[in-house]
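Chemist: any chance you can model this:
(2 chains)
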Number of protein chains: 2
Amino acid sequence: MGFMSTDLVAGPERDEIRIEAVLHALADPVRLEVVRQLARQDGEIACGGLDVPVSKSTLTHHLRTLREAGVTATRQQGTIRLQSLRRNDLDELFPGLLDGVLAARH
Amino acid sequence: MGFMSTDLVAGPERDEIRIEAVLHALADPVRLEVVRQLARQDGEIACGGLDVPVSKSTLTHHLRTLREAGVTATRQQGTIRLQSLRRNDLDELFPGLLDGVLAARH
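Modeler: Predicted structure coming up:
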């Protein structure tokens, strides 16, 4: 695969995703807003395309928390990181969880 | 109501329940286990009836976190505190969330 220009940044396999880590990752207003924007997009968003009121380094930290929990997947494309929601994995493991979270008034 | 022997311990009204607080409350293995036991019971459990591997004072702390987040309701009956899950409130506010959490392998 040496000629591919994008690479998946490491995150947990589906069967390694733990509910406590997912809940912790979602239990933060900024991270929850990132998840809402990814859910609306229903695809990939570059970090710069996320509209959240934090610094770039703070956002990087939040994105790592989401990725390591298994909530999001990250692909590196040159100098750009593309985020997406692992909706299929989450819906399979915790049916209803994501929809319930996204249904919350905010 | 002076002659009633039970009193509801204060918690948030339904419209005061915040998703971030609920997720934070659920994002702990001991609190999640309490929620699982309350869900199985489908009614009230006295604190002493909860089977979790923590001290009484630690359990008290966890139960307060759950109550203040709006996940559980607490009634004081003499010297006993009875816990129950606010399933109706949570299902109304965040449909699917609780079922998704309870579906998680553990």
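
Chemist: what does chain A put close to chain B?
Modeler: For chain A, the residues in contact with chain B (Cβ under 8 Å from any Cβ of the partner chain) are A:19-21, A:23-24, A:26-29, A:32, A:93-101, A:103-106. Any C-beta I mention is one placed from the backbone N, CA and C, and that applies to glycine too.

Chemist: please list only the buried members of those.
Modeler: Neighbour counting by 16 or more other Cβ atoms under 10 Å in any protein chain shown classes A:19-21, A:23-24, A:26-28, A:32, A:93-94, A:96-101, A:104 among these as buried.

Chemist: of those, which belong to helices?
Modeler: Under the assignment DSSP state H, these contribute A:19-21, A:23-24, A:26, A:32, A:93, A:97-101 to helices.

Chemist: dump those residues to TSV, plus pLDDT and distance to A:Val52.
Modeler: TSV is the format used below for those (pLDDT from 0 to 100; distance: Cβ to Cβ, whole Å):
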residue	pLDDT	distance to A:Val52
A:Ile19	96	24
A:Glu20	96	24
A:Ala21	97	21
A:Leu23	97	20
A:His24	97	18
A:Leu26	97	14
A:Leu32	96	10
A:Leu93	96	26
A:Leu97	96	22
A:Leu98	96	19
A:Asp99	94	22
A:Gly100	94	22
A:Val101	95	17
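
Chemist: need the residues you listed in TSV with distance to A:Gly43, can you?
Modeler: Below are those laid out as TSV (distance: Cβ to Cβ, whole Å):
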residue	distance to A:Gly43
A:Ile19	25
A:Glu20	28
A:Ala21	24
A:Leu23	25
A:His24	25
A:Leu26	20
A:Leu32	19
A:Leu93	21
A:Leu97	21
A:Leu98	16
A:Asp99	18
A:Gly100	22
A:Val101	19
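
Chemist: name the nearest residue to A:Pro12, sequence neighbours excluded.
Modeler: For A:Pro12, ignoring the flanking residues on the chain, the nearest one in space by Cβ to Cβ, 6 or more residues apart in numbering or on different chains is A:Gly70 at 4.5 Å.

Chemist: center of chain A, which residue is that?
Modeler: A:Thr72 (2.5 Å; Cα atoms, centre = their mean).

Chemist: what's the closest residue to that one other than its chain neighbours sitting at in phi/psi?
Modeler: Nearest residue to A:Thr72 in three dimensions, chain neighbours excluded: A:Leu66, at 4.3 Å (Cβ to Cβ, 6+ apart). Backbone torsions for A:Leu66, taken as degrees, to the nearest 10, come to phi -60, psi -40.

Chemist: go on, A:Ala46?
Modeler: According to degrees, to the nearest 10, A:Ala46 has phi -70, psi 150.

Chemist: measure it to chain B for me?
Modeler: As judged by Cβ to the nearest Cβ, to the nearest Å, A:Ala46 and chain B stand 26 Å apart.
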